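J.: Okay, sequence plus prediction incoming.
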Amino acid sequence: MSSACANCWRASIVAFAVEDHYAGGGVATLLRDLQLPLQITSVAWPSDWCGQSGEAGVLLAAHRLHAEGIAERILEHLDDRRVSMTEPHSAETRVLTSGLQPLATRL
């Protein structure tokens, strides 16, 4: 495999940082600062969210930060990537996406 192809493969790897925090200054920021050869995607509270009163489960669901919402957001992100990627990579993305579908169902 050529080094260009290897770099392309590494750049197509996505890591998801799910955090009970804003996207900035959390785990995703730390991972990006390490300059790893992968895309870091944060699943976090909206940057303009200033807090609310209420039951934690209701608040998490309202912002799609409950288990089902997190799984849905990851699947949507992978679907968006699959559409934008070239055909040789879309097969790998389908494998990753299909592996998450049972997870979304269980959650």
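T.: Yep, that arrived. Residues are numbered from 1 along each chain as shown.
J.: List phi and psi for Val14.
T.: phi -120, psi 130 (degrees, to the nearest 10).
J.: Over to the one 3 residues further on?
T.: Backbone torsions for Ala17, taken as degrees, to the nearest 10, come to phi -100, psi 110.
J.: swap in Gly54?
T.: phi 150, psi 180.
J.: That one and Ala61, how far apart?
T.: Distance, Gly54 to Ala61, using Cβ to Cβ, to the nearest Å: 10 Å. For the C-beta atoms, the positions are set from N, CA and C on the backbone; glycine is no exception.
J.: can you check Val18 too?
T.: Distance from Val18 to Ala61, by Cβ to Cβ: 15 Å.
J.: With neighbour numbers in mind, choose between these two.
T.: Val18 (17 against 14; other Cβ atoms under 10 Å).
J.: Direction included, what does the strand or helix carrying that one pair against?
T.: If you go by DSSP states H and E, Val18 is part of strand 14-22. Using DSSP bridges, strand 14-22 pairs in its sheet with strand 39-45 (parallel).
J.: would you put the C-alpha positions of the partner strand in PDB?
T.: Presented in PDB, the C-alpha positions along strand 39-45 are these (Å, rounded to 0.1, in the frame of the first residue of the first chain):
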ATOM      1  CA  GLN A  39     -11.300  12.700  12.400                       C
ATOM      2  CA  ILE A  40     -12.600  13.500  15.900                       C
ATOM      3  CA  THR A  41     -16.400  14.100  16.100                       C
ATOM      4  CA  SER A  42     -17.800  15.500  19.300                       C
ATOM      5  CA  VAL A  43     -21.300  14.500  20.600                       C
ATOM      6  CA  ALA A  44     -21.800  17.100  23.300                       C
ATOM      7  CA  TRP A  45     -24.100  19.800  24.600                       C
END
